[in-house]
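Undergrad: One predicted model, sequence on top.
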Amino acid sequence: MHDFDTDGHRARKRFGQNFLSDPNIIRKIIDGIRPQPGELMVEIGPGLGAMTDPLIERLGHLHVVEIDRDLIARLHERYTPAQLTVHEGDALKFDFGSLCAGEEGGVGPRLRIVGNLPYNISTPILFHLAGFADQVKDMTFMLQKEVVMRMVAEPGTEEYGRLSVMLQYRFRMGRLFDVPPGAFRPAPKVMSSIVRMAPLPAEQLGARDEALLGRIVAAAFGQRRKTLRNTLREFIDDAGLQALGIDPGLRGEKLSVEQYVAIANACAGREG
Ligand code: SAM
């Protein structure tokens, strides 16, 4: 298990480092993002700068969040502060809202987030970023194809789960295209995909208590083989589900996002 030497940098497995090296794929991703001069954008995990270079070229200025100190040193050497603001540290703990300070009262959320995300933290980073949705215009990420398929999955499919419901509740999502392992150095073992996420307007969300929605969805998918009657017992009984037109004998994977919101609101109504 040797780390892989790329451009004089030893790719670190623990930071999920697979660097994009195919210029056609890089161009396709940047074209998909369509960066416009002056936009407020942050890249998670710039690495050796495969996307950073063309992004700065089009935007003028870019923010990045990077955890690897060797890569951070390279970024400081390569770019001026007028081109790049480097936020050193863990993207899982980074306050993305801080980039929007002083932005209120404008034309709506402006922050755009992009990144070829470290695959070892893909699910936690998506949940972390969902917390900043009201400050974000859109997000475009490269992730393992398997994770992207779960994000965009429809009810009744095997891939449909907690990640699908919680992200689709908050974002309009689309899979743009797949990227094969050969586009990276070192090559990962799996296929990747590009996904675009655009936050839905707040008035479309509908859950009166989002934390409760999160708990209900986690319970419904915690034991996938069990029926809603069993998994949601602590939240709602058979009669409550039936009143919403939901068969208590179904499994969690059959319900739409709207049906989960309806359950959460029925429970919130009873509690409050
Ligand atoms: N964007 C580059 C590219 O496309 O070639 C690098 C992508 S590489 C898959 C992931 C990058 O995220 C690496 O630069 C890695 O050091 C960085 N990274 C890993 N974990 C991180 C974390 N928790 N917070 C911020 N950056 C992280």
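TA: Happy to help now that I have it. Numbers count the residues shown, from 1 in each chain.
Undergrad: Show me the helices in this protein, by range?
TA: 23-33, 52-59, 69-78, 122-130, 145-151, 162-170, 210-222, 228-231, 238-243, 257-271 (DSSP state H).
Undergrad: looking at these, which has the lowest confidence?
TA: Among these, helix 257-271 carries the lowest mean pLDDT, a mean of 90.
Undergrad: Quick one: list the elements packing against that helix.
TA: Under the contact definition 3 or more Cβ pairs under 8 Å, 6 or more residues apart in numbering; DSSP states H and E, helix 257-271 sits against helix 162-170, helix 210-222, helix 238-243. C-beta here means a position set from N, CA and C on the backbone, and glycine is covered the same way.
Undergrad: TSV for those, including distance to L255 and mean neighbour count?
TA: Below are the helices and strands packed on helix 257-271 laid out as TSV (distance: least, Cβ to Cβ, whole Å; neighbours: other Cβ atoms under 10 Å):
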stretch	distance to L255	mean neighbour count
helix 162-170	8	22
helix 210-222	7	19
helix 238-243	10	14
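Undergrad: The ligand is nearest to which of those helices?
TA: The closest of the helices and strands packed on helix 257-271 to the ligand is helix 162-170. By Cβ to the nearest ligand atom, the value is 18.4 Å.
Undergrad: Now do the closest one and helix 257-271, the angle between them.
TA: 80 degrees (axes from the mean of the first three to the mean of the last three Cα atoms, to 10 degrees).
Undergrad: neighbours of G249, just the number please.
TA: Neighbour count of G249, defined by other Cβ atoms under 10 Å: 12.
Undergrad: meant to ask about D90, not that
TA: By the criterion of other Cβ under 10 Å, D90 has 12 neighbours.
Undergrad: Hmm, it is touching E66, no?
TA: No: assessed by Cβ atoms under 8 Å, D90 is found out of contact with E66, at 9.8 Å.
Undergrad: How many residues are close by G60?
TA: Applying other Cβ under 10 Å, we find 14 residues neighbouring G60.
Undergrad: and it, what does it touch?
TA: Shown in contact with G60 (Cβ atoms under 8 Å, 6 or more residues apart in numbering): 37-38, 83.
Undergrad: I'd like these laid out as CSV, including neighbour count and pLDDT.
TA: Listed next are the contacts of G60 as CSV, based on neighbours: other Cβ atoms under 10 Å; pLDDT from 0 to 100:
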residue, neighbour count, pLDDT
P37, 8, 96
G38, 10, 93
Q83, 15, 97
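Undergrad: what's the closest of those residues to V165?
TA: G38 (35.8 Å; Cβ to Cβ).
Undergrad: how far away is the residue nearest to the closest one when sequence neighbours are not counted from D138?
TA: Counting by Cβ to Cβ, 6 or more residues apart in numbering, the nearest residue to G38 once its immediate chain neighbours are dropped is G60, at 6.3 Å. G60 is 19 Å from D138, where distance means Cβ to Cβ, to the nearest Å.
Undergrad: go on, P54?
TA: 18 Å.
Undergrad: re the thing from before, which of the helices of the chain sits closest to P180?
TA: P180 sits nearest to helix 23-33 of all these, at 8.6 Å, using Cβ to Cβ.
Undergrad: Kindly reformat the helices of the chain as a markdown table containing distance to the ligand.
TA: Shown next, in a markdown table, are those (distance: least, Cβ to the nearest ligand atom, whole Å):
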| stretch | distance to the ligand |
| --- | --- |
| helix 23-33 | 8 |
| helix 52-59 | 7 |
| helix 69-78 | 5 |
| helix 122-130 | 7 |
| helix 145-151 | 13 |
| helix 162-170 | 18 |
| helix 210-222 | 22 |
| helix 228-231 | 32 |
| helix 238-243 | 40 |
| helix 257-271 | 28 |
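Undergrad: Sweet, I'm off.
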